[in-house]
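Chemist: structure, please.
(2 chains)
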2 protein chains.
Amino acid sequence: MLRTHSAGQLRAADAGDTVTLAGWVARRRDHGGVIFVDLRDSTGVCQVVFRSEEVADRAHRLRNEFCVAITGVVDRRPEGSENPNLASGEIEIDVVSFEVLGESAALPFQLDDEVGEEARLRHRYLDLRREGPGSALRLRSRVNAAARSVMARHDFVEIETPTLTRSTPEGARDFLVPARLQPGTFYALPQSPQLFKQLLMVAGMEKYYQLARCYRDEDFRADRQPEFTQLDVEMSFVDQDDVIAIAEEILTDVWATAGFTISTPIPRMTYDEAMRRYGSDKPDLRFDIELVECTEFFADTPFRVFKAPYVGAVVMKGGASQPRRQLDAWQEWAKQRGAKGLAYILVGQDGELGGPVAKNLSESERAGVAAHVGAEPGDCIFFGAGAVKSTRALLGAARGEIADKLGLIDPEKWAFTWVVDAPMFEPADDATAAGDVAVGSGAWTAVHHAFTSPKPEHLDSFDTDPGSALAYAYDIVCNGNEIGGGSIRIHRKDVQERVFGVMGISQDEAQEKFGFLLDAFSYGAPPHGGIAFGWDRICALLAGTESIRDVIAFPKSGGGVDPLTDAPAAITPQQRKESGIDATPAQRGQGTQSEATAAE
Amino acid sequence: MLRTHSAGQLRAADAGDTVTLAGWVARRRDHGGVIFVDLRDSTGVCQVVFRSEEVADRAHRLRNEFCVAITGVVDRRPEGSENPNLASGEIEIDVVSFEVLGESAALPFQLDDEVGEEARLRHRYLDLRREGPGSALRLRSRVNAAARSVMARHDFVEIETPTLTRSTPEGARDFLVPARLQPGTFYALPQSPQLFKQLLMVAGMEKYYQLARCYRDEDFRADRQPEFTQLDVEMSFVDQDDVIAIAEEILTDVWATAGFTISTPIPRMTYDEAMRRYGSDKPDLRFDIELVECTEFFADTPFRVFKAPYVGAVVMKGGASQPRRQLDAWQEWAKQRGAKGLAYILVGQDGELGGPVAKNLSESERAGVAAHVGAEPGDCIFFGAGAVKSTRALLGAARGEIADKLGLIDPEKWAFTWVVDAPMFEPADDATAAGDVAVGSGAWTAVHHAFTSPKPEHLDSFDTDPGSALAYAYDIVCNGNEIGGGSIRIHRKDVQERVFGVMGISQDEAQEKFGFLLDAFSYGAPPHGGIAFGWDRICALLAGTESIRDVIAFPKSGGGVDPLTDAPAAITPQQRKESGIDATPAQRGQGTQSEATAAE
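Modeler: I've put the predicted structure just below:
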C-alpha cells in the first residue's frame, strides 16, 4: 500500500509515530510560510503541516484536489488548537516528505460550491468526492449487505437472470438489442425478472433473490431512470403472510443499517381503505389528515357541483385565514392536476361560513357541514366532487399539500403501511388515462400484473365479475412512496389462461408470448409468491435525498443522456451493418436451433 | 408456510410427530396397493407412504413431478428397511391427508435420463430440479456470498455501474441499444465496467467491487456466453502485491466454500517463463511436462525443418510404443491447429531412435537428443519448429494432450499460478491472427488493455521501444484456465495519451472516445489497480463441470438463442418506429442536453 494509515483513524495515542497518508488536498492554508493542508481520504480528514523549509517550499505548489502521499510524524496539536469537530482533531502530521501522485487542473467547481445537476453529473468523479454524494453510495453498499444477510439467514439462493431476453408485457416500453447472429431479431432488456423468477420456482429453487437491474424505456418524467435496481424475491409454498414476514425482516435490518428503528408488524390497510381515507394507494401516514366522505351528506344538495357520484373533503387546520391569493393558488394547483378547481369553505372564528361555496348550500348543510368533516373555527374545508377515483386522488394530493404548507411532515419520521386487497383488474381506459400502458386489448387490464393470483375467494368468479375481484397482492408504502410490491402468483395454467382472457390476450398471443410459462405450469408448478423492492428509492429515503439519482453512481440525466460519457452515441455504418438491424428476420425453427447448437 | 418441515431434515428423533411436507414426487412405487413416494424438496428426499385406503386410492393418480403437500405422522421405518444412503432414511411419513398442488403432464424427459443440451435448456425448469444442475446454482450463490464477505471485511464499497453506456474498445463487438429519446443514437452494453471503475477511483471511492454483468457480441465459439459475470475489483493507492493479496484471500475463501483448501501465497511466474516452459500464458500445472528448448541444440542441424527461429520439444513418457495409427492421429491433431505436422522421435528400449525425423539428424544430434530433452528409453519426443510464439503454442497444446492421454491430470488437484510481467504490446498482426480484434490502427495493440500501466522501469521507454515494454499486469491461472486478470492502471493523462499513440489511436479519436477519462485524470487521479475474475468459469470449476452454461440459470444456446423463451424475436413495426433505429442522429450539443434536463 502507498500508505501506512488512513487519515480519519489517527488519534492522540498515535503521537510520535511516523506515518504515511495518501489522499486529496481538501484545503490549503498558508500561515506565514507554513502550509497547512486538510488531507482527505475515504475515512476522513487529517491536518498535515509543511513546516520545514524543504517541504514547505514545494508545498506552495499544492492546490485543492491534488492527490498526494505524505510521510511525517504524528504530533499532538498545540493546546487550544485542537479541532473537536474532527475525529483526528487532536493531532496533526508534521510532514517530513511528500509526493504529488496526481496534480489537479483548475476545478470546474469547488467541492463546497452548490452546483447544478448537469455539472455534477458531467464531473461525477469530482461530485462523488463530496461528503454527501460519496456517503450516499457507501450507504447503499451497506444497505445491500444488510439485505443479503437476511436472505442468507433464510437460505435464499441468489440467482442471476438474463439481461438479453424476450420482451415481457409489463406495461412499459422495452429497450431492444439487435441480435447479430439472428439478423433482424432483437433481444429485449427485462423490465423485471418476473417470468424468470416464476420459472425458478417451477424449477424447485424454492427461495430466490437477486438485486436485479431492470430496464424501462419511458419518458424520463419525474424521478425515473431508464435502468434501475430492485431487490427481487420469490418463494414457493408460501402465502401472503410469509412473504410479508420476510419483507419486514429485510426492511427492519436495512433501516437499522442507516441507524433507524422500525416497529413491526407493519400495519396493513386495504386498498379500499387507503383510497377512501387518503385518496391514494400509497398514502403518506406521517400526518393524520384524512378524507371525509360527504356524498351521503350532500345527497339532497341544491348545489349543482356537489350532485356527483362522489363528494369528499379535507380540512386544513387554520386555513380560514389564508389570503385570497393563496386560495386562488389552490385553484391553479387543482387545474394543473386536471380538475376544474378546488371548492372550499372557510369556517370563521365565529363559526360563520365564508367562501363562494357556502351560499349555494342548503341551510341544514351549512349548519352541519363543519361538524360532519370535523372542521373547527378558523379551518378551511376543501371539497372535491366528481368521479370517485379521480376526485379522491385530487383530495389525496391536497392533503399532502396541506401537510406540507402547515409543516406537519416530520422529516425524521418513518410511516410504513402495507396496502393489501387491491382490485385485480381496472378498466383499461382508467389505466390509459393514468398514463400506464394497458396490456392486452380487452376492456380490463391488470392493476398489478397479469401473473398476480386472485384472492382464493375470487378464484371462481374473477372472470365473470372482473370489477369485483381482489388480487392476492401487497404493496409496502413508506412516507407516501411505494417502496415495494408483490403478490401470490398464479401457478395454474387454466387460471393464467382465464386471466389472459379477461385482459383480451388471445390464446394465440398468450401462447406466442408466454407459451413457455404456460408450459412450465403443466409440470407440477408449486404455489409461489414474492415481492420486489424499489432499491433506488429505498436507498434515497435512507440517504435523506429526494432523488434516486443521488444513490446511483452514474445516473442518466434528462433524455437518457449520460453527461459524463455522452452516451448514447452515433454508431458507424459498419456497426450498423454487422448488427443485423436492417435484416429481415429468418424463420427460426427447431431445425435451425439444433444446427446452431451443433455448430457450437 | 404450506408446510411445517422440510423433507431432508426429518430424523428418527422426530418419530411420532405430525408434519406437513410439500414438494415433488420423485418416484412412486406401488407395493400391493400401498403407494410409496419419494418426496423431494430443496433440502432432500423423504419417503412418504400412502397406506390407509382413503389416501392410497387417490395416491394412485400421482405421477412423477406432481407437486404435492402431504400431512402425516413420522414413523421409524421397519427394521431392515432403513436407507443409509438417505439422510432421512431412518424414517418415513405415514400419510393422513394430502393435496395435489400442481399436476404434471407427461414429462418431456425423465429427470434421471441423459438428455441433450437443447432439451435441457428448453425445459430448464425441469433440468434444474435435478441434483446436479440445481446444486450448481446453489453453490454459485454461496460462492457469491463468500466473495462478498471478503470484500466487506476489507471495507470495499459495492457499486453498480451502468448497463446502458457508451461503447468501450475492449477488443470485442458491442451489443447496441437504440436510444429512443435520442433517435438514431445507441447505447452500448458494457464489455466490462473498466472505465467506470477507474472513474470511481478518481472519485475517491478507493475500494470498489461489483459482481458485474458484462456483454460481448462474439461468435459463441467454445464455451462463451453473450452475457457473463465477473467479480470486478478496483483499489486506490496500491501496487501489484496489494491486489494479489486481496485476490488470494478471495480465492481462498471461495474455494473453501466448495470444500477445498488452497495454499497461499500462490506461486508467480513471468509470462516469459510460462511461454518458455509451458507454451502458454495459462499453463496447466497439474502435471509437470515441460517444453524443452532445442534451438541452440539444433543450431547446426542438417535437418532443414529444424533450421528455424525456434525448435522445442515435449516428451511423452512411454510414447515410443504408440501404434502407427496413433502417431498419424498426432499429425492430424497438429494440422487442425494450423501446423504442418508434429515431428517425433521414438526412443527404443535399447536407446535406438526411431521415426522419420531421426535419420535426418546429424550423428551427434542423434547421440545427444534424448539426454538433451530428458527422454528415456520407451519415450516419444515431439518436436515443433518455426516462429517462436506459434510453435510454443503448438507444443503447449501437445503437453496438455499428452497429459490427458497418459492420465496424468488429477481431477482432484488445484494448480494455481500467477502469470506476471506480460508484454505491454504485441504486434497488431499477431492479435488479428489469434482471432482478437486489434484496437487502434497502429502496428501495436495492447496485450491486456489500453489502460494498463507499464511497469515503472518501462515508463520512459514504452513508446520508443514498445516491443520490450512489460505491463504492470497479473493473470491468475487455475488448472489451465485464466480465471482472472488485472493490472495497475495508468492514472496520468500524459502516459495514457502516449499509450494511445503507440496503438495508433489519434488524439482526436482518443478525445472523442475517452475524453472523459483523460479529463478525469486531470483532477488529482490516484494511483490505482484492480482485477476481474471470470465468475462463471470459477463457479464451473468449483461445481466440477466443463461448461459455464451449467452455472448460469438461463444460458443461451448456440447462435445466442434461448431455447426456453425463444429470444431473440422479431419486433413489431411500431416498436421499430418508436425505437428511433432508423432516424438520423441529431447533433447533440450542450444546449440540447440542458433543454432535456430542464424538460425533466
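Chemist: report the secondary structure state of residue A:392.
Modeler: Three-state call for residue A:392 (DSSP: H, G, I helix; E, B strand; the rest coil): helix.
Chemist: wait, what's in contact with it?
Modeler: Neighbour list for residue A:392: A:275, A:276, A:279, A:280, A:291, A:310, A:312, A:384 [criterion: C-beta atoms under 8 Å, 6 or more residues apart in numbering or on different chains]. Just so you know, the C-beta spots here come from the backbone N, C-alpha and C atoms, and that holds for glycine as well.
Chemist: the bottom helix or strand of chain A by mean pLDDT?
Modeler: Least confident helix or strand of chain A, by mean pLDDT, DSSP states H and E, is helix A:590-599 with a mean of 38.
Chemist: which residues does the spatially most central residue of chain A contact?
Modeler: Nearest residue to the geometric centre of chain A (C-alpha atoms, centre = their mean): residue A:537, 2.5 Å. Neighbouring residues of residue A:537 by C-beta under 8 Å, 6+ apart: A:481, A:483, A:548.
Chemist: and residue A:231, how many residues sit next to it?
Modeler: 24 (other C-beta atoms under 10 Å in any protein chain shown).
Chemist: send the alpha carbons of stretch A:465-474 over as PDB?
Modeler: These are the backbone C-alpha positions of stretch A:465-474, laid out as PDB (Å, rounded to 0.1, in the frame of the first residue of the first chain):
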ATOM      1  CA  ASP A 465     -67.000 -10.400 -12.500                       C
ATOM      2  CA  PRO A 466     -63.600  -8.800 -13.000                       C
ATOM      3  CA  GLY A 467     -64.600  -5.500 -11.400                       C
ATOM      4  CA  SER A 468     -65.100  -7.100  -8.000                       C
ATOM      5  CA  ALA A 469     -62.100  -9.500  -8.000                       C
ATOM      6  CA  LEU A 470     -59.400  -8.700  -5.400                       C
ATOM      7  CA  ALA A 471     -55.800  -9.500  -6.100                       C
ATOM      8  CA  TYR A 472     -53.700 -11.500  -3.700                       C
ATOM      9  CA  ALA A 473     -51.200  -8.600  -3.700                       C
ATOM     10  CA  TYR A 474     -49.500  -6.400  -1.200                       C
END
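Chemist: just the mean pLDDT for that stretch, thanks.
Modeler: Here stretch A:465-474 scores 96 as its mean pLDDT.
Chemist: that one and chain B in contact?
Modeler: No: using C-beta under 8 Å from any C-beta of the partner chain, stretch A:465-474 stays clear of chain B, coming no nearer than 13.9 Å.
Chemist: which residues does that stretch contact?
Modeler: Counting by C-beta under 8 Å, 6+ apart, residues outside stretch A:465-474 touching it are A:240, A:243-244, A:268, A:418-425, A:427, A:444, A:446-448, A:452-458, A:461-462, A:485-488, A:502, A:529, A:531.
Chemist: quick one: the helices in the stretch 101-250 of chain A, in order.
Modeler: In the stretch 101-250 of chain A, the helices defined using DSSP state H, counting those that start in this stretch lie at A:117-122, A:124-127, A:131-153, A:194-202, A:240-257.
Chemist: so the spatially closest residue to residue A:60 that is not a sequence neighbour: helix, strand or coil?
Modeler: Nearest residue to residue A:60, sequence neighbours excluded (C-beta to C-beta, 6 or more residues apart in numbering or on different chains): residue A:35, at 6.6 Å. When classified by three-state DSSP, residue A:35 comes out as strand.
Chemist: need the contact list for residue A:183.
Modeler: Counted by C-beta under 8 Å, 6+ apart, residue A:183 has contacts A:580, A:583, A:584, A:585, A:586.
Chemist: mind doing that once more with 7 Å?
Modeler: A:580, A:583 (C-beta atoms under 7 Å, 6 or more residues apart in numbering or on different chains).
Chemist: spell out which residues of the stretch 451-600 of chain A are next to chain B.
Modeler: A:491, A:516, A:520, A:522-527, A:553-554, A:557-571, A:575, A:578-579, A:581, A:585, A:593-594, A:596-597, A:599-600 (C-beta under 7 Å from any C-beta of the partner chain).
Chemist: what subset of those is buried?
Modeler: Buried members of these, scored by 16 or more other C-beta atoms under 10 Å in any protein chain shown, are A:491, A:516, A:520, A:522-527, A:553-554, A:557-569, A:571, A:575, A:578-579, A:581, A:585, A:593, A:596-597, A:600.
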